[in-house]
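A.B. asks: 3D, please:
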Amino acid sequence: MQGLSRIAISLCFAGLFAVAGCGGGDGSVKVSGKVTVKGGGPVTQGIVQLQSDAASGSGPINASGEFTIAGGGVPAGKYKAVFLSTSTGGGYDKPDEPEKRVIDIKYETAATSIDATVDGSPLNFELDPPAGGSAATDGAKAN
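C.D. replies: Numbers count the residues shown, from 1 in each chain. The predicted structure is shown next:
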């Protein structure tokens, strides 16, 4: 049930960004890209949030790891990229499976997540697996 709660909270945040009109006005840049795990494949669910003092936006991650920020994007500039609800299992669709984190927890808050520059180029994120994972954890990068 913990996974379900996290998804519900994430969707509420995404809805607040959309209602507030963040990232959808004139001067916005369409933002899309892909989220993968180092040493693994795509992150197959969750939400990407871009946060700055001036603007924010969010969009869902699909089963191929691709995302598009809703509302037409965000203004060009520097953002913190935050990744929410990326765990598998334990949710309403798989309540009998234990929750399994697919990326390191540090990506869930702006204070410890990664920088992203919005300039019209695709944002491709290669994220560390959870601490203790099998792949190297030498830091994430946004391409």
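
A.B. asks: So what touches the host helix or strand of E126?
C.D. replies: Assigned by DSSP states H and E, E126 belongs to strand 123-127. Defining contact as Cβ atoms under 8 Å, 6 or more residues apart in numbering, one finds that strand 123-127 is touched by 31-38, 43, 48, 81, 83, 103-104, 107, 114, 116, 140-143. (Each C-beta comes from the backbone N, C-alpha and C, glycine too.)

A.B. asks: Show me those residues that map onto strands.
C.D. replies: Among the contacts of strand 123-127, the members found in strands (DSSP state E) are 32-37, 48, 81, 83, 114, 116, 141-142.

A.B. asks: Most neighbours among the residues you listed, please name it.
C.D. replies: V35 (29 neighbours; other Cβ atoms under 10 Å).

A.B. asks: Leaving out the residues flanking it, which one is nearest to that residue?
C.D. replies: The shortest distance from V35 to any residue other than its chain neighbours is 4.2 Å, reached at V43 (Cβ to Cβ, 6 or more residues apart in numbering).

A.B. asks: That neighbour: neighbour count?
C.D. replies: 26.

A.B. asks: Wait, it touches G65, no?
C.D. replies: Yes. The pair V43 / G65 is scored as a contact, 5.3 Å apart, by Cβ atoms under 8 Å.

A.B. asks: okay, and the common contacts of the two?
C.D. replies: 35-36.

A.B. asks: how about JSON lines for the ones in strands among the contacts of strand 123-127, with pLDDT added?
C.D. replies: Putting those into JSON lines (pLDDT from 0 to 100) gives the following:
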{"residue": "S32", "pLDDT": "98"}
{"residue": "G33", "pLDDT": "98"}
{"residue": "K34", "pLDDT": "98"}
{"residue": "V35", "pLDDT": "97"}
{"residue": "T36", "pLDDT": "96"}
{"residue": "V37", "pLDDT": "95"}
{"residue": "V48", "pLDDT": "97"}
{"residue": "A81", "pLDDT": "98"}
{"residue": "F83", "pLDDT": "96"}
{"residue": "I114", "pLDDT": "96"}
{"residue": "A116", "pLDDT": "97"}
{"residue": "K141", "pLDDT": "51"}
{"residue": "A142", "pLDDT": "61"}
